[in-house]
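Trainee: quick one, fold the following:
(chains A, B, C and D)
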4 protein chains.
Amino acid sequence: MALNPPLARRLRMGIVGGGLGSFIGRVHTMAAGLDHRCTLVAGAFSSDPEKSKKTAPTYGVEESRAYGSFEAMLDAESRLPAEDRIDFISITTPNHTHYEIAKAAVEAGFNVICDKPMTFDLAQAEALLKTVENSDVVFALTHNYTGYPMIRQAREMIKAGELGRINAIRSQYIQGWLAERVEEGDHKQAAWRTDPAKSGVAGAFGDIATHAFNLGRYVTGELPESVSCHLKTFVEGRRLDDYGTAVIRYQNGALGTVTASQISHGRENDFELEVDGTLGSLKWRQESPNEMVVRKNGQPHQVYTRSPGSEFMKPLAEASCRLPAGHPEGFYGAFSNIYAAAFDDIALRAQGLPFERRDTVYPNVYDGVEGMLFIEQCVASHQQNSAWMPLSHPAARR
Amino acid sequence: MALNPPLARRLRMGIVGGGLGSFIGRVHTMAAGLDHRCTLVAGAFSSDPEKSKKTAPTYGVEESRAYGSFEAMLDAESRLPAEDRIDFISITTPNHTHYEIAKAAVEAGFNVICDKPMTFDLAQAEALLKTVENSDVVFALTHNYTGYPMIRQAREMIKAGELGRINAIRSQYIQGWLAERVEEGDHKQAAWRTDPAKSGVAGAFGDIATHAFNLGRYVTGELPESVSCHLKTFVEGRRLDDYGTAVIRYQNGALGTVTASQISHGRENDFELEVDGTLGSLKWRQESPNEMVVRKNGQPHQVYTRSPGSEFMKPLAEASCRLPAGHPEGFYGAFSNIYAAAFDDIALRAQGLPFERRDTVYPNVYDGVEGMLFIEQCVASHQQNSAWMPLSHPAARR
Amino acid sequence: MALNPPLARRLRMGIVGGGLGSFIGRVHTMAAGLDHRCTLVAGAFSSDPEKSKKTAPTYGVEESRAYGSFEAMLDAESRLPAEDRIDFISITTPNHTHYEIAKAAVEAGFNVICDKPMTFDLAQAEALLKTVENSDVVFALTHNYTGYPMIRQAREMIKAGELGRINAIRSQYIQGWLAERVEEGDHKQAAWRTDPAKSGVAGAFGDIATHAFNLGRYVTGELPESVSCHLKTFVEGRRLDDYGTAVIRYQNGALGTVTASQISHGRENDFELEVDGTLGSLKWRQESPNEMVVRKNGQPHQVYTRSPGSEFMKPLAEASCRLPAGHPEGFYGAFSNIYAAAFDDIALRAQGLPFERRDTVYPNVYDGVEGMLFIEQCVASHQQNSAWMPLSHPAARR
Amino acid sequence: MALNPPLARRLRMGIVGGGLGSFIGRVHTMAAGLDHRCTLVAGAFSSDPEKSKKTAPTYGVEESRAYGSFEAMLDAESRLPAEDRIDFISITTPNHTHYEIAKAAVEAGFNVICDKPMTFDLAQAEALLKTVENSDVVFALTHNYTGYPMIRQAREMIKAGELGRINAIRSQYIQGWLAERVEEGDHKQAAWRTDPAKSGVAGAFGDIATHAFNLGRYVTGELPESVSCHLKTFVEGRRLDDYGTAVIRYQNGALGTVTASQISHGRENDFELEVDGTLGSLKWRQESPNEMVVRKNGQPHQVYTRSPGSEFMKPLAEASCRLPAGHPEGFYGAFSNIYAAAFDDIALRAQGLPFERRDTVYPNVYDGVEGMLFIEQCVASHQQNSAWMPLSHPAARR
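Mentor: You can find the predicted model right below:
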């Protein structure tokens, strides 16, 4: 099978962000490149043109395509011949910049792969939704945890009814890296993520509770109805929440909980999801991503492992594996699976072929809107003494 | 060291409950007997005198001391000479009977070891508190999970400040045994626990969320301020909650969550506690009770194991062990530790010596009052759309 | 059901050993008493009559039945009326004393429950076998790990063919308590276990590798053919092995390995067993005794948990449970299960009823002989540069 | 930092193997590309030129550089201008072909990254050693498990004396994929790995026990002295061992064990390593590669996690991480770390700078020789009834 059929060539990637010292930018490039399906050829690595040029060779990018702004990149790349021009743009900068970049990229006709949360606020998200709907580009949002094979296995099993009616969805996302006020030092990551001007109205809830909410949505497909939330800022002087709990009522009667912490000492990236259905329950932990436990009363517990070739594997889960069972796949693999699914659609579009725009394998602009609604309603509920706030959005997909 | 110093003899136990087919009654007798410190000599095993007599030999109890009611037992035993009379009464019947039995036993001067929740409602609990305070008996409540050595290790470490200021207390108590409507069949346990006339206003919240709340209280000593709760009854036709989530604000600013489920397929007795402090975090799971993980940023995670003889063991934790490290102790051992601590006080009282009545090692009548308040306020909050309800009680001990 | 049917009374236990500071003696008394089926009424707790008398009250035993020697106990108890006399004797003293005590007890007509290894050497074991065969007593050997419900589940599943033909049996028993030369201090346990005059020809191999070998035998029923062994004494000055590995050829062609260590820092009682069959494999760890993993290619892994009431539980395993799933049972429970099975036969014998003498649920004198053969052949193989030594014994039971 | 300093450009990779359906070839290309430090530009993907050409586009390789034989690749690439020519060759074909390819590549002056085991037999390995020593090329052997950060952490901790003198090294590598005779079907992997003409004298021992032996060597640096081995072929009709156990005496007095299985149902790639030292012990499992447990008597167990930025991380381990703690890195990451270290030396050589040839971070030709000695002596020992065979080789590095 050729690369990126029906295109039969590597895609060309341009990145915004990813400068020296970046975390998530590097992750995007590794994830994009894992399957040899694309090459990074351009980047607005930094808003300082000098720094951007210095970054280019660390990616093997030619200096001539290291830009000092996303506008410059869009402009220059648009003028390149089609056979050289970048196929898509990955947006890996802080939240407050996403909207402007994404909007411009989409309007310029570039496909976009955008980090989460999608925008700075809900209004921007809804505006971006319109922009994307008015375009014909591929737009993916890197809620990367949806790329894990066992998460996709869970989704397909639930879709097939194997857990019965869904009653409860519990997710916990527990980290410890902000247990001290590290944002005061030179911790760049911490600095912008705790800065309301860059992160938006929420801290931990914008950064990680959105993942937790999104994963429950992705796996179960259940639509939320309302949310009651209590947020805390435990580290003195911090300007955004670093802890909180949300209780979610789903439209089908299910009850959900999302707890997020960035102040739990020694907890690394301890994100877990539990789903209870009338026929079975499941549990998955991001730090042991290659397995998932499914339980049914009266039966031995079933540990599903990432096991391509085994009959129990659902096709979508199997297609999300690169290695045989027992050869740990991790964070890159999952992240790459988001890219891989987007590449499939990018290749179709490049050939003028139709592709799914709403019910995509990868998280998309609709999920981005819902994520921003979640953040805003959590904050609103908190501000109103945990009152129940509506959480359904017309754009939400099942 | 003699048994039950300064008493130097085995204690004599009388039980209410524990008839054929009983679960918790059997547990109490095993737990009471593990260290040879007491002998079961009397029982009101059943309200049917015939059944009670039939049960007696299964415990090695003489038929003459198998009673058909707690009143008969109190009456007969009171008239026995002191050297034969039971020293204490264990109450292991359904919730709605606790108050009457406990009150009568206390008023008759018998020490009491009572199953949880303490009473049918808060009013009874507060009345019983007065009765106990007006007596000189030992009164213990079997929130048995507080008997695990590693839980006591956690408590002592937190008391010593090793985790710093407490910010978050998360507990989850997840079971699956009520995922179907088993109360309709001949499942005796399920029948009374889902019957509001016997269990009280709450189902899962009365049965297991109380444990979860109590354990957080026991380990941290933090006093609660208010609670917001959402309950669910997922199994159709059931009359009490089988699922719910409570968010708790503590007086020191900490945030707590208690989630309880009895409808999560295949989950057995999956009760876990996580505590975050400014200096460290800890995690403990009831199904792996002999270990506890303590984490501090930047350090390897520390797995504390039940390890008598190791320097890191706190004296209370060490005294709660019967076996060397690696020899699994379980549910009986923990349950026995509640009894053992009560026996210490029972022996003191028997000699007319003073003993601690409020800050006991074992859960006591004060904790029982607080547990009933928790249940009632959770239900009240739920009924008022999860409004925050006060959760502090003057009887609460730190 | 009455206690100890058809006997309908508690059994009377006498113990040899169990003095102040004893580990295994205390374990025996707790294990024996857990189900209220017996009462400890006599003991030769120490060879110092004064110490023995001082120990008696810690068990609630009357001083008059605290003896200064096993001979005195046998003598005095034999002269008591049948309705007072002890029913059985538990032998919990160091290895080198087992034979003499057991022989005398059996010859005096007392049932015996003996700690392992059964004797000081194989010659004693074979002699004891004859003594027991010439008697009509119940003789149980406390290879206590065979009492765990999940081990019995494994045995029954294999017996039923669910794992197919057995190919491999791996057991590892790893401890760390002898990593330093603690026997030089006042560590009584360490002192006798590292003393060839008390332990026999092997140290770690006599103490724990015997358990590992026995468990593989118990679970699979496969008969051994030959063994190749390499032993080490890592701690300078120690007189017996503290580490070693044995490779075992079984008569059916299976290959086994037994590795035992007492010098692995921080390892507690880390005893694990893996069995591979042509249809499935299983794994069990003593430190998580309530679960066992069964795996079959192409299927999700199955975690069997101790789960009375579930259909998958084999009757023998179910009968070995005292608590519902998720309520951890541990070392006592397993140990008690050995006692419980022996009690069944003791009660039958007391009524003059027939009972199984060879294929018992509990390890017996035949297993004891095989255990001693294992120890001696391991040492012999080691001394002959790991040459293969025969390991089959006519007394071995399947 | 530029890519591949001091070279400041991407390296050019040529591969032998990696055709459609290949497992390990794909792994090599992903691992090589993860950090953008190289591009695959040429390949002898198959010995069938047509198939090779068909494979090329799946890697984004131009058809003109898809060769039908390694000779053709060496020949053609040698004639390309230096700025186009491949920098190194990855050998990912079955074992019996390694020697010829590697020898030719080295003699042609190409750096080589070779899959393990290095050659078909020891004689080839020793010959290749001479060839490499007579050249100035970089030669790396993909014992990929040495690339895991926590393995490198273990190595550095032991090197620093943190575990004291090493007493025991236990490794188990348990798989189940050959539990049935799958080589009879169209399972290409299984076919050549069970074919003595392609794999060499050993099956499981050549394929995975070599990894297990190598990892113990890599982590501890202890030199082996002799080995006693017993091999089994459990699947009827199979021509090579699918199970076995080796006991290893090390020169410092340590005892090692290597057990390998490919017939253990449901076991995936369950490779674990335990090391006991006089000051501490450690345990690591390949299926949970991001953590390692270090234990010391009397202290809580320490779970070291892959945690860049934490003080406890050794520089080599830290440099082997690409993601923050809690973001699972897996098999690719480890494999890439072998490549990354080799790239460092390839870049130095390309600039004519000196580089370490013996004590490399990556496994090298010396390790390859030792691995072949291990295989041959295991087989020899087995054939001589498990007699101890010498296992020291003059080429072995500490």
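
Trainee: for the helix or strand containing residue A:123, packing partners?
Mentor: Following DSSP states H and E, one finds residue A:123 within helix A:122-133. Here helix A:122-133 touches helix A:95-107, helix A:365-383, going by 3 or more Cβ pairs under 8 Å, 6 or more residues apart in numbering or on different chains; DSSP states H and E. All C-beta spots, glycine's among them, are computed from the backbone N, C-alpha and C.

Trainee: tell me the angle of it relative to helix A:95-107?
Mentor: Relative orientation of helix A:122-133 versus helix A:95-107 (axes from the mean of the first three to the mean of the last three Cα atoms, to 10 degrees): 20 degrees.

Trainee: remind me which residues of the stretch 1-150 of chain A are low pLDDT?
Mentor: A:1-2 (pLDDT under 70).

Trainee: please, where are all the helices along it?
Mentor: Ranges of helices in the stretch 1-150 of chain A, per DSSP state H, counting those that start in this stretch, are A:24-33, A:49-55, A:70-79, A:95-107, A:122-133, A:149-159.

Trainee: now render those helices as a markdown table, adding distance to residue D:262 and mean neighbour count.
Mentor: Output for the helices of the stretch 1-150 of chain A, formatted as a markdown table (distance: least, Cβ to Cβ, whole Å; neighbours: other Cβ atoms under 10 Å in any protein chain shown):
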| stretch | distance to residue D:262 | mean neighbour count |
| --- | --- | --- |
| helix A:24-33 | 32 | 24 |
| helix A:49-55 | 46 | 18 |
| helix A:70-79 | 51 | 18 |
| helix A:95-107 | 49 | 22 |
| helix A:122-133 | 50 | 19 |
| helix A:149-159 | 24 | 23 |
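
Trainee: near chain D, which residues of the stretch 251-398 of chain A show up?
Mentor: Within the stretch 251-398 of chain A, the positions near chain D by Cβ under 8 Å from any Cβ of the partner chain are A:267-270, A:286-290, A:305, A:307, A:322-333.

Trainee: from those, which land in strands?
Mentor: A:270, A:305 (DSSP state E).

Trainee: buried subset of the residues of the stretch 251-398 of chain A next to chain D?
Mentor: Listed as buried from these are A:267-270, A:286-290, A:305, A:307, A:322-333; burial here means 16 or more other Cβ atoms under 10 Å in any protein chain shown.

Trainee: tell me how many other residues surround the residue of the stretch 101-250 of chain A found nearest chain D.
Mentor: Distances between the stretch 101-250 of chain A and chain D by Cβ to the nearest Cβ are smallest at residue A:175, namely 7.3 Å. Counted with other Cβ atoms under 10 Å in any protein chain shown, residues neighbouring residue A:175 total 24.

Trainee: phi and psi next, for it.
Mentor: Main-chain torsions, residue A:175, degrees, to the nearest 10: phi -130, psi 170.

Trainee: how close does it get to residue B:336?
Mentor: Separation of residue A:175 from residue B:336 (Cβ to Cβ, to the nearest Å) stands at 38 Å.

Trainee: got it, and residue A:326?
Mentor: To residue B:336, residue A:326 is 42 Å away according to Cβ to Cβ.

Trainee: go on, residue A:234?
Mentor: For residue A:234, the distance to residue B:336 - Cβ to Cβ - is 38 Å.

Trainee: then residue A:134?
Mentor: Counting by Cβ to Cβ, the gap from residue A:134 to residue B:336 is 70 Å.

Trainee: show me the contacts for the residue nearest the centre of chain A.
Mentor: Central residue of chain A (Cα atoms, centre = their mean): residue A:143, 1.4 Å from the mean position. Contact analysis of residue A:143 by Cβ atoms under 8 Å, 6 or more residues apart in numbering or on different chains lists A:116, A:210-211, A:214-215, A:218, A:338, A:363, A:367, A:371.

Trainee: which residues sit against stretch A:248-256?
Mentor: Under Cβ under 8 Å, 6+ apart, the answer for stretch A:248-256 is A:165-171, A:213, A:216, A:220, A:222-227, A:247, A:257-258, A:388, A:391-392, B:230, B:232, B:234, B:243-245.

Trainee: could you redo the last one with a cut-off of 7 Å?
Mentor: Residues from elsewhere that reach stretch A:248-256, judged by Cβ atoms under 7 Å, 6 or more residues apart in numbering or on different chains: A:166-170, A:216, A:222-227, A:258, A:391-392, B:230, B:232, B:243, B:245.

Trainee: quick check: end-to-end length of stretch A:7-20?
Mentor: For stretch A:7-20, the separation between the terminal residues is 32 Å (Cα to Cα, to the nearest Å).

Trainee: from the middle of its chain, how far away would it be?
Mentor: 18 Å (Cα atoms, centre = their mean, to the nearest Å).

Trainee: tell me which residues of it come out buried.
Mentor: For stretch A:7-20, by 16+ other Cβ under 10 Å, it's A:7, A:9-19.

Trainee: take the helices of the stretch 1-150 of chain A and lay them out in CSV including distance to residue C:379.
Mentor: Putting the helices of the stretch 1-150 of chain A into CSV (distance: least, Cβ to Cβ, whole Å) gives the following:
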stretch, distance to residue C:379
helix A:24-33, 56
helix A:49-55, 67
helix A:70-79, 76
helix A:95-107, 70
helix A:122-133, 75
helix A:149-159, 49
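
Trainee: and residue D:108, which of those is closest to it?
Mentor: helix A:24-33 (29.1 Å; Cβ to Cβ).

Trainee: just checking, what packs against that closest one?
Mentor: strand A:11-16, strand A:38-44, helix A:331-350 (3 or more Cβ pairs under 7 Å, 6 or more residues apart in numbering or on different chains; DSSP states H and E).

Trainee: what's that helix in contact with?
Mentor: Identification of contacts with helix A:24-33 by Cβ under 7 Å, 6+ apart yields A:13, A:15, A:17-19, A:38, A:40, A:59, A:90, A:92, A:115, A:332, A:335-336, A:339, D:33-34, D:36.

Trainee: list phi and psi for residue A:182.
Mentor: Backbone torsions of residue A:182, given as degrees, to the nearest 10, read phi -70, psi -20.

Trainee: give me the distance between it and residue A:342.
Mentor: Residue A:182 sits 33 Å away from residue A:342, going by Cβ to Cβ.

Trainee: ok, those two, which is more surrounded?
Mentor: More neighbours sit around residue A:342 than around the other of residue A:182 and residue A:342, counting by other Cβ under 10 Å; the figures are 27 against 16.

Trainee: tell me the contacts of that one?
Mentor: Residue A:342 sits in contact with A:113, A:138, A:140, A:362, where contact means Cβ under 7 Å, 6+ apart.

Trainee: save the residues you listed as TSV, and put in distance to residue C:346 and neighbour count too.
Mentor: Shown next, in TSV, are those (distance: Cβ to Cβ, whole Å; neighbours: other Cβ atoms under 10 Å in any protein chain shown):
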residue	distance to residue C:346	neighbour count
A:113	74	27
A:138	77	29
A:140	72	26
A:362	68	24
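
Trainee: list just the nearest of those to chain C.
Mentor: Closest approach between the contacts of residue A:342 and chain C, by Cβ to the nearest Cβ: residue A:362, at 26.6 Å.

Trainee: which residue is the nearest non-sequential neighbour of the residue sitting furthest away from the middle of chain A?
Mentor: Most distant from the centre of chain A: residue A:298, at 36.6 Å, with distances by Cα atoms, centre = their mean. The spatial neighbour of residue A:298 that comes closest, neighbours along the chain excluded (Cβ to Cβ, 6 or more residues apart in numbering or on different chains), is residue C:310 at 4.7 Å.
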